[in-house]
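Asker: Sequence plus predicted model, see below.
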Amino acid sequence: GENVEQHPSTLSVQEGDSAVIKCTYSDSASNYFPWYKQELGKRPQLIIDIRSNVGEKKDQQIAVTLNKTAKHFSLHITETQPEDSAVYFCAASKSSNTGKLIFGQGTTLQVKP
Amino acid sequence: EAGVTQFPSHSVIEKGQTVTLRCDPISGHDNLYWYRRVMGKEIKFLLHFVKESKQDESGMPNNRFLAERTGGTYSTLKVQPAELEDSGVYFCASSLAGTDTQYFGPGTRLTVL
């Protein structure tokens, strides 16, 4: 069935370092890949997304890359700050279908000051 | 503009009892989704409404779960009777017709004792 694997499950970096979270999806028909950030006790917030017709997208300190052939996509956070500490979820969906999101297991990112 | 709201924020019930969760989507959003996150695992899709119609309920665990969206506005998710394994955080999300971006509510944390 549809599946998204996300790694690592936890990630600890020093302030100012970069962080990379990787996801692999199983359904080759997936064409929309959002990333959500969930701070403690708050709702998941969309931080960036990418569609299958694009290989890379950047928004300030965050970027996402997509390799359709390998069915991999990654989130890159540069110059991390303590406020970047949160749980990050990747997801995949087939936007031509119902649009349901298939999520990865989540990555708990800790940025140490 | 108000975001997606959910009520209650927390619910603690005993096994065998009934609980009803409510979700108010962003005004004008035809798509409404229910998801659940159990014990630090991935966020899992439960079902999808388009207006008042169930578009996809493939993620509903069993017939103890009943979702409704009468009138195509707010939605309720009833669990009857609740079991221990139903504990988790129930999220609602909404999106505009024809768009991919889903906006999440803060979730309802359900604890079944």
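Answerer: Received the coordinates, thanks. Because the structure is predicted, anything quoted here is derived from the model rather than measured. Numbering: from 1, shown residues only, chains lettered A, B, ... in the order given.
Asker: okay, CA-based contacts and neighbour counts for the rest of this
Answerer: Noted.
Asker: which stretches of the chain have low pLDDT?
Answerer: With no chain named, the answer covers chain A. Within chain A, the stretches with pLDDT under 70 are A:1, A:96-98.
Asker: Actually, chain B is the one I wanted.
Answerer: Scanning chain B for pLDDT under 70 picks out B:1.
Asker: how does it look with 90?
Answerer: B:1-2, B:39-41, B:70-72, B:98 (pLDDT under 90).
Asker: what sits opposite the residue nearest the centre of it in the beta ladder?
Answerer: Closest to where the C-alpha atoms of chain B average out (CA atoms, centre = their mean) is B:Trp34, at 3.5 Å. Legend: beta-bridge partners of B:Trp34 under DSSP bridges are B:Leu47, B:Cys92.
Asker: is it true that it touches B:Gln55?
Answerer: No. Look at B:Trp34 against B:Gln55 with CA atoms under 8 Å: they stay out of range, at 11.9 Å.
Asker: Next up, the contacts around residue 52.
Answerer: Using chain A here. A:Ser30, A:Asn31, A:Tyr32, A:Phe33, A:Leu66, A:Lys68 (CA atoms under 8 Å, 6 or more residues apart in numbering or on different chains).
Asker: my bad, the chain I had in mind was chain B
Answerer: Contacts of B:Glu52 (CA under 8 Å, 6+ apart): B:Glu68, B:Arg69, B:Thr70, B:Gly71, B:Gly72, B:Thr73.
Asker: Return the set of residues that bridge with the closest residue to the second one other than its chain neighbours.
Answerer: This points to B:Arg69. Excluding the flanking residues, the one nearest B:Arg69 by CA to CA, 6 or more residues apart in numbering or on different chains is B:Ser75, at 4.3 Å. With DSSP bridges applied, B:Ser75 shows beta-bridge pairing to B:Cys23.
Asker: For B:Ser75, the count of nearby residues, please.
Answerer: B:Ser75 has 24 neighbours, counted by other CA atoms under 10 Å in any protein chain shown.
Asker: Also A:Val20?
Answerer: The local packing of A:Val20 (other CA under 10 Å) involves 16 other residues.
Asker: coming back round to it: common neighbours of B:Trp34 and B:Gln55, please.
Answerer: With CA under 8 Å, 6+ apart as the test, B:Trp34 and B:Gln55 both reach B:Leu47, B:His48.
Asker: I'd say B:Gln6 and B:Gly107 touch.
Answerer: Yes. Assessed by CA under 8 Å, B:Gln6 is found in contact with B:Gly107 at 6.2 Å.
Asker: A:Thr65 touches A:Asp59, doesn't it?
Answerer: No. Using CA under 8 Å, A:Thr65 is not in contact with A:Asp59; the gap is 12.0 Å.
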